[in-house]
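>>> Provide a 3D model corresponding to the input given below.
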Amino acid sequence: MQTGRRRIALITPAGFVVHVPAALKEAGLGFIATGQTQPTFDGGATAAKTLLDQHDLDAILCMNDEIALGALTVARDDFRLRVPRDLTVVGYGDSAMAAWPCFGLTTMRVPNAEIAKKTAQLLLERLEHPERSPETIWVTPELIERDTH
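Numbering: from 1, shown residues only. I've put the predicted structure just below:
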């Protein structure tokens, strides 16, 4: 998904440690602003209002769909931004509400079944071999393109 966005903000749950994704660094991009909030619709709305008041943004990335739906609502209703023409909003998690026509939120779908399977495999292997070194397994989320990018 390439939209030419350059003025990107990130909204995360409070206490979340932010590392700029390698793909953004490789593209010469970073976050011009970050906000931390409660991982809720209201939290996303409050954080987006602050960010949009303080910065000329053209994209907001959110660490869950609830935050993104709050940000999207504030952008449309309070700032009268045309999403996606003026502002891209992307969530994470692919919640049921993200697909509602009134939102049409672009989001990342988490492969929960794959995560559960790999977690169970690691647990069983650890039970059989307690001395085994810790292991990190990566899964790839799927971009679900809707109306907000």
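
>>> what's the burial count for V83?
21 (other C-beta atoms under 10 Å). C-beta here means a position set from N, CA and C on the backbone, and glycine is covered the same way.

>>> is it fair to say it lies in a strand?
No: V83 sits outside any strand when classified using DSSP: H, G, I helix; E, B strand; the rest coil, being coil.

>>> Setting aside sequence-adjacent positions, which residue approaches it most closely?
Among residues not flanking V83 along the chain, T148 sits closest, at 5.3 Å (C-beta to C-beta, 6 or more residues apart in numbering).

>>> Cross-check the contact I'm expecting between that neighbour and T88.
Yes: counting by C-beta atoms under 8 Å, T148 touches T88, with 6.4 Å between them.

>>> Now do the helix ranked longest in the chain: everything it contacts.
When the chain is scanned for its longest helix (criterion: DSSP state H), the result is helix 112-128. Defining contact as C-beta atoms under 8 Å, 6 or more residues apart in numbering, one finds that helix 112-128 is touched by R132, E135, I137, V139.

>>> Can you list the strands that the helix or strand hosting A33 pairs with?
When secondary structure is defined by DSSP states H and E, A33 falls within strand 31-37. Within its sheet, strand 31-37 is paired with strand 8-13 (parallel), according to DSSP bridges.

>>> Now do the partner strand: distance to the chain's middle.
Computed by C-alpha atoms, centre = their mean, to the nearest Å, the separation of strand 8-13 from the middle of its chain amounts to 8 Å.

>>> same thing with stretch 80-87?
18 Å.

>>> Residues touching the strand holding A33, excluding its own?
7-16, 18, 20, 24, 43-44, 46-48, 50-51, 54-55, 57, 61, 67.
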